[in-house]
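*Asks:* Build me a model:
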Amino acid sequence: MAEMPYIDLDKCDSCALCIPVCRCGALVLVNNVITLIETEKCGWCCECEEICPLSAITCAFEIVFADE
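*Replies:* Numbering: from 1, shown residues only. Next up, the predicted model:
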């Protein structure tokens, strides 16, 4: 299974901007707290990390594009 993103709940203000950009549906709002649902699809796009205004989401890897 792919590594799931990490949500730092001390930084997260539950703005929920990450939920609509999550292509695999791994992020949901439960009792006004952003929550990860484990899924085999998660771990490849990390758009949630990019959109988080408080840098509360961290993905386990970084995609680097090299010039050919």
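
*Asks:* where do the helices sit along this structure?
*Replies:* Counting by DSSP state H, the chain has helices at residues 18-21, 47-51.

*Asks:* Identify the residues contacting the residue sitting nearest the centre point of the chain.
*Replies:* Residue closest to the mean C-alpha point of the chain, counted by C-alpha atoms, centre = their mean, is residue 48 at 3.8 Å. Taking C-beta atoms under 8 Å, 6 or more residues apart in numbering, we find residue 48 in contact with 5, 18, 21-22, 27, 57, 59. Every C-beta, even on glycine, is put in place using the N, C-alpha and C of the backbone.

*Asks:* Save these as a markdown table, and put in neighbour count too.
*Replies:* As requested, these are exported to a markdown table (neighbours: other C-beta atoms under 10 Å):
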| residue | neighbour count |
| --- | --- |
| 5 | 22 |
| 18 | 24 |
| 21 | 15 |
| 22 | 22 |
| 27 | 21 |
| 57 | 23 |
| 59 | 20 |
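
*Asks:* and which of those residues is nearest residue 37?
*Replies:* The shortest separation between residue 37 and any of the contacts of residue 48 is 7.6 Å, and it belongs to residue 27 (by C-beta to C-beta).

*Asks:* My read is that the closest one contacts residue 34, right?
*Replies:* Yes. Counting by C-beta atoms under 8 Å, residue 34 is a contact partner of residue 27 at 6.1 Å.

*Asks:* what residues are shared contacts of these two?
*Replies:* 18-19.

*Asks:* Look up how far residue 7 lies from residue 13.
*Replies:* 11 Å (C-beta to C-beta, to the nearest Å).

*Asks:* so residue 35 makes contact with residue 28?
*Replies:* Yes. Look at residue 35 against residue 28 with C-beta under 8 Å: they come within range, at 5.4 Å.

*Asks:* Below-threshold pLDDT in the chain: ranges please.
*Replies:* Low-confidence segments of the chain (pLDDT under 70): 1-2, 43-44, 61-68.
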